[in-house]
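Student: here is a sequence together with a model predicted from it:
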Amino acid sequence: MSMGLAACEGTGKCVSNDEFFRTKATVFMDTCVSCHNSQGAAKATKFVLERSANPGYVDANLRVLSDLARYEVEGQGKLLLIKPTQDGVSHEGGTLFDKKSDQYKQIEEMIERLENPVECENSVDLGEYFGDVQLLDEEETLRKASLALVGRLPTQDEYEQVRGLGIDSLDPVLDAMMEEDPFYTRLGEWYNDLFLTDRYVGGTAAIDLLYDEDFPTRRWFDGQADQLASWSNIGVARSGVNLVKYVVRNNRPFTEVLTADYMVFTPYSAKSFGLDIGRVTGIDGGALNFADATDPDELQAGKMKLADGTPYPHAGIISDTIWNIRFPTTDTNRNRHRSRMIYRFFLATDILRLAERPIDPTSIADHNPTMNNPNCAVCHENIDPIAGAMMNFDAMGRYAPPEEGWYPDMRVPGYKDQTVPFDQFQTAHVWLAQQIAAEPLFGVATVQTVFTGLTGQEVMYEPNDPEDPDYLGKHKAFEIQDMMIKDVAAAFDESGYDFKLVVRELVKSEFFRAKNAREAIPDDKAASYSAIGTAQFLPPEQLSRKIEAVTGYPWRQNPTSTDYLLSGNEYRIFYGGIDSDSITERIREPNGIMANIAARMSNEMSCWVTARDFSQLPPDRLLFPFVEPTSLPEDDNGNAIPAVIDSIKANIQYLHHHVLGERLELDDPQIDRTYALWIDIWKDGKLGVADMTYGESLGACGAQNDWWTGNPLPEERRVTSDPDYTIRAWMGVMSYLLSDYRFLHE
Amino acid sequence: MDRRKFLSLAAFAGLGVVSPRVFGGDPTRDPITGKRKEPLFATYGGPFYVLINAMGGWDPTSLCDPKGYAFPDDPEALNRSYATSDILTAGNIKFAPLGNMVDDGYDNYYQLFFEKHYQRLMVLNGVDTQTNGHDSGIRHCMCGRLAEGFPSFGALVAASASKELPMAYLSFGGYDETMGIVARTRSGNTNALARIAYPDRRDPNDEMTTFHSAKAAELIKSAQDDRRTHLESIEYLPRTKHAIGMLYAARTGSNELKKLQEYLPDMLSQNGNERQAQVALAAYKAGICAAVNMSIGGYDTHGNHDQSHIPRLVSLLQMIDFLWEEADRQGVADKLVVLVGSDFGRTPRYNDGNGKDHWSVTSMMLMGAGIPGNRVIGASDAGHNPMTINPSSLQLDPGGIRLEPKHVHRSLRRLAGIEDNEYGRMFPLMVADGEDINIFG
């Protein structure tokens, strides 16, 4: 890579062209872009810049400048320099500055750089940046990843596969985890957070949205068990999310979520879509077969036929009926909502940010303003072509090409500067899917989705307010994150769109692994570190799985009920979850209601699991392998029994690691604090039992039966009373640990 | 909590003590953008809108638009349970002389109810819902539009009041579509709310059933506080500091549920209908709720109408009465605005199973702040067909208009001051100029 002198500041730090354009050559985005944009007064010139709200605007603008920098008027100089100064040539924008101005020097240096391109190894010194940050080691990273991906703690074998072997040793372990079913549950949650199609999983809500004439067997289950209706409906509602799962599980190129010429069925959804009347076939046109036609979770790829027997034009998710219903259209919206969602999900672009600037409504008096008024066109020139390319799906998500063609008063269906070939209008969405899948931004969007799924954080937008006192710090934070995301996206592209690579690389990234700073961060540096350290308040789905992983039992009333944190009728919504209907944004920071739910969980689970765990033989215990209910730290005379105290502390040490992921030495003050809690509760309880303030019975916190089966435990394993008050002391410890910041966050 | 202690803890939570530039650790700022966040919410103290959904299609002729039999075994009887001559009156409001099931613990309940509440009660009779469909009927009644796509009145007022309130729109069922303008807290499960409100009790209704002894709870709390101090001293990343601050702030300074806890009665009623009112009023009193959907079902009585339907109407009246009693106890009765409605009415004749089927003519009841009581608007004829009213005088007028839910909702929106706000304009009620009546005078 070239490292010319011009690339270095006084400190010797490499400044790339990219960085120079953004931070030094501000004349282009401050001045030139006012007219030289796609809708501006200079839109017909060769010098058209993209606005900073467009992702990838820097690269695009450098390409434009690089091309223009070659133009020179003989005897006059570079066109980029003589135009704004009107030095021998005219400029419709007038004279903007003179040759002595900073702006002139900025353009001069930019041209010099474009002629001698400067790329730096890293425009930000990552070594220096992360040098101040403690990262999780391999084992800690594995624990965090295991909980995030498959909702369980790693096995000892898995720990041993990575211990001391470097962060890349996680790859095979993560790959194996990504074969497990719970990973696909999690993956479904990541993508439902985008697609929101779980809105229709209740009752027969999805099937009710299908038309009889399109799907005559949609209610094939009528008159049969309700469960069949439910399984069919869920399969239909989740066709899009199931496509994502299918593509990943079968290691297909992830672009197939857009380009697949098939869709994904469960045995039950296939029947609703027309399996039994020949309207659903296998990919090869033969029969669609399932390994177990009674398994509602089995996914197989197949194809549909339209009512007239012609093939349904599949194009991944964007041809899915339910997905199109979830993002509906109207006669006036004309697919723009769908277009906006396509930008958001697959092109890493919030199209509405393009219009984040004051618009004077009185200035919009044009005929057909979305075409003709720059205030409107800034978004619509991007939205409308894609909206047009989705023309074949009506308000109810049905494939129904418009008989009279697309609206002539809108932009031509297409993408960017390309239009859908006329002979492909009937399958314009298929053409569109191919265009989007080929975009580098598709990779960026995929990485962003996984990043948010893994960390609970939205990605940063580039700060755009230089007046903000923290602007530079925030910009650095953005650059670091942006660089990481683009690096992973590039690797994703090179791998042939291997989704699992994205997961692996993000897990191994500093963003996932940042644990702490090595020392206090001064105020003036805080902004630059604002994006690292996940500190994710676990969403209800993940906390629910973590509770069971750590305690061995789910937080639910009985084995057949739904987990409290997963039930919409219980705590899921209160705990920040979504219903994919009216509540579609997660609450990612705790409020008082959520804090109370966490408090109840810690109390209730400590009550339920403590005696249950003691009812197991020590080798089978998850929580108390080193102590017994009879392990008392003092004898009847009040003399300490060191061996028992050691075993209690050893169990506390074990719990800190098992529950909180903390590896502590036995003499760590945190162990002492937890031990003090245990001993103080125990001493109070001992006195209370003696003077009969407290009873001996554990009541509802006792263990008489096997919880899963309801069968009575053998007499010797029942734990129903607590004469020494040790069980309740351990309950106190469990409440303390389960309510801790490090249990509720990852 | 000791205020000084809270302040010191709040300091850790970043509430005004930490340098404002250290936004990463400051819960009042977004850790990514650094922008100052709006306060979570300002507590709400405006009118409290209660929408009572009688699900299934009630029979107004057995309630507030009474029509009985002319003589025993009258084949034309709209109601076999009482004689037209026995119809009772409270002020200007006529009602069916029902609610006399002594065995079920009430006697003359209708009379008790109407005599107690008629001065705050407005009855709208002969309301044309234009549908016999359950979903479309309750939608029409609760949002003012027959077609899909409008939020309920409760959602509109809640969004207008403050969509940031933790329970801006609480729903126990009925038509509670929000169209995305406000987050709905849909929980018919008052037990869940009670459990959340009392996280330290196994049985939320029994303060003696704590998970831990009082001493143990105190020790756990103390250990948690010490642990927080420890984390504060060792965690340096702004995002982590922020998250710790948020967790602690949630547990102390901004605990909305503690406010709810404060206003929930010590013992929640064993009656599910009454629990809805208790939770809703406590949430309102705590300043976290602006509107509630209450729901009661069992009105779709296609068989054995009189035996099944009339006790459900008594339950409805008891529910309404309890709501007002509880509001009185909470000192907020002057804030209530109550709309009671159902999917539609029931046929004027009995079917072969002694039931009544769907009938598109119904009644609505309104009570509360800004609503003139002791008043009946509209009427139905002897066959329970809607009669038209004069849009200006609101008196019966053969040349007038049929009363429809949109007219009622237009007036309700005006009463709530939301007719012309952002949400009112987003979901306009299409009422022709000549029909723009103001039923509240």
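Tutor: Nice, thanks for sending it over.

Student: spatially nearest residue to B:Arg239 (excluding sequence neighbours)?
Tutor: Leaving aside its sequence neighbours, B:Arg239 sits nearest to A:Gly533 (C-beta to C-beta, 6 or more residues apart in numbering or on different chains; 4.4 Å). (Each C-beta comes from the backbone N, C-alpha and C, glycine too.)

Student: which residue packs closest to A:Ala145, ignoring adjacent ones?
Tutor: Leaving out its chain neighbours, the residue that sits closest to A:Ala145 by C-beta to C-beta, 6+ apart is A:Val507, at 4.6 Å.

Student: within the helices and strands, which one has the one you found?
Tutor: Assigned by DSSP states H and E, A:Val507 belongs to helix A:499-508.

Student: low pLDDT regions in chain B?
Tutor: Low-confidence segments of chain B (pLDDT under 70): B:1-42, B:103, B:148, B:186-190, B:252-258, B:261.

Student: please redo it, this time with the cut-off set to 50
Tutor: Low-confidence regions of chain B, defined by pLDDT under 50, span residues B:1-29, B:31-32, B:36-40, B:253-254.

Student: domain assignment for it?
Tutor: Following automatic domain parsing, one gets these domains for chain B: B:3-38+B:212-251, B:48-193+B:273-426.

Student: near chain B at all, stretch A:209-217?
Tutor: No: figure legend: stretch A:209-217 not in contact with chain B (C-beta under 8 Å from any C-beta of the partner chain); closest approach 12.3 Å.

Student: would you mark the buried spots in that stretch?
Tutor: For stretch A:209-217, burial by neighbour count (16 or more other C-beta atoms under 10 Å in any protein chain shown) applies to A:Leu209, A:Leu210, A:Asp214, A:Phe215, A:Thr217.

Student: surely the second one touches A:Asn324?
Tutor: No: with the criterion set as C-beta atoms under 8 Å, A:Leu210 and A:Asn324 do not qualify as a contacting pair; they are 11.8 Å apart.

Student: can you pull the contacts of the nearest residue to B:Ser213 once chain neighbours are set aside?
Tutor: Once flanking residues are discounted, B:Ser213 sits nearest to A:Tyr694: 6.4 Å by C-beta to C-beta, 6+ apart. Neighbour list for A:Tyr694: A:Gly685, A:Gly688, A:Tyr725, B:Ser213 [criterion: C-beta atoms under 8 Å, 6 or more residues apart in numbering or on different chains].

Student: ok, these vs B:Leu415, which is closest?
Tutor: Using C-beta to C-beta, B:Ser213 is the member of the contacts of A:Tyr694 that sits closest to B:Leu415, with 52.2 Å.

Student: my read: the closest one touches A:Asp684, true?
Tutor: Yes: with contact defined as C-beta under 8 Å, B:Ser213 counts as touching A:Asp684 (7.0 Å).

Student: right, and the helix or strand after whichever strand or helix holds B:Trp324?
Tutor: Using DSSP H and E, B:Trp324 maps to helix B:305-330. Toward the C-terminus, helix B:305-330 is succeeded by strand B:336-342 as the next helix or strand (DSSP H and E).

Student: which helices and strands sit right next to that next one?
Tutor: Packing partners of strand B:336-342 (3 or more C-beta pairs under 8 Å, 6 or more residues apart in numbering or on different chains; DSSP states H and E): strand B:48-54, helix B:134-143, helix B:305-330, strand B:361-368, helix B:405-416.

Student: 6 Å instead, please
Tutor: strand B:48-54, strand B:361-368 (3 or more C-beta pairs under 6 Å, 6 or more residues apart in numbering or on different chains; DSSP states H and E).

Student: make CSV from those and add mean neighbour count and distance to A:Gly282 to it.
Tutor: Formatted as CSV, the helices and strands packed on strand B:336-342 follow (neighbours: other C-beta atoms under 10 Å in any protein chain shown; distance: least, C-beta to C-beta, whole Å):
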stretch, mean neighbour count, distance to A:Gly282
strand B:48-54, 27, 48
strand B:361-368, 25, 53
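
Student: go through those and name the closest to chain A.
Tutor: Comparing the helices and strands packed on strand B:336-342 against chain A with C-beta to the nearest C-beta, the closest turns out to be strand B:48-54 (16.0 Å).

Student: which neighbours in the sheet does that closest one have, and how are they oriented?
Tutor: strand B:291-296 (parallel), strand B:336-342 (parallel) (DSSP bridges).

Student: neighbours around the closest residue to A:Pro253 other than its chain neighbours, how many?
Tutor: Ranked by C-beta to C-beta, 6+ apart and with sequence neighbours excluded, the top spatial neighbour of A:Pro253 is A:Tyr497, at 4.0 Å. With neighbours defined by other C-beta atoms under 10 Å in any protein chain shown, the count for A:Tyr497 comes to 20.

Student: quick one, phi psi at A:Tyr497?
Tutor: phi 70, psi 50 (degrees, to the nearest 10).

Student: do A:Thr419 as well
Tutor: Dihedral angles for A:Thr419 - degrees, to the nearest 10 - are phi -110, psi 150.

Student: and the closest residue to it other than its chain neighbours, how close does it get to chain B?
Tutor: Of all residues not flanking A:Thr419 in the chain, A:Val412 sits nearest, at 4.7 Å (C-beta to C-beta, 6+ apart). Distance, A:Val412 to chain B, by C-beta to the nearest C-beta, to the nearest Å: 31 Å.

Student: same question, A:Lys24
Tutor: Taken as C-beta to the nearest C-beta, the span from A:Lys24 to chain B is 23 Å.

Student: per-residue pLDDT of that residue, please?
Tutor: The per-residue pLDDT reported for A:Lys24 equals 83.

Student: cool, the one 10 residues further on as well?
Tutor: What the model reports as pLDDT for A:Ser34 is 75.

Student: same question, the one 4 residues further on
Tutor: Among the per-residue scores, A:Ser38 holds a pLDDT of 69.

Student: measure how buried residue 339 is and give me the count.
Tutor: Reading this off chain A. A:Ser339, neighbours per other C-beta under 10 Å, totals 26.

Student: meant chain B actually
Tutor: Neighbour tally, B:Leu339, other C-beta under 10 Å: 23.

Student: the helix holding B:Trp324 - contacts with which helices or strands?
Tutor: Against helix B:305-330 (3+ C-beta pairs under 6 Å, 6+ apart) you get helix B:109-117, helix B:272-285.

Student: okay if I get those as JSON lines plus mean neighbour count and distance to A:Val27?
Tutor: Listed next are these as JSON lines, based on neighbours: other C-beta under 10 Å; distance: least, C-beta to C-beta, whole Å:
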{"stretch": "helix B:109-117", "mean neighbour count": "20", "distance to A:Val27": "74"}
{"stretch": "helix B:272-285", "mean neighbour count": "24", "distance to A:Val27": "56"}
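
Student: which one of the ones you listed lies nearest to A:Phe97?
Tutor: Once the helices and strands packed on helix B:305-330 are compared by C-beta to C-beta, helix B:272-285 is nearest, at 61.5 Å.
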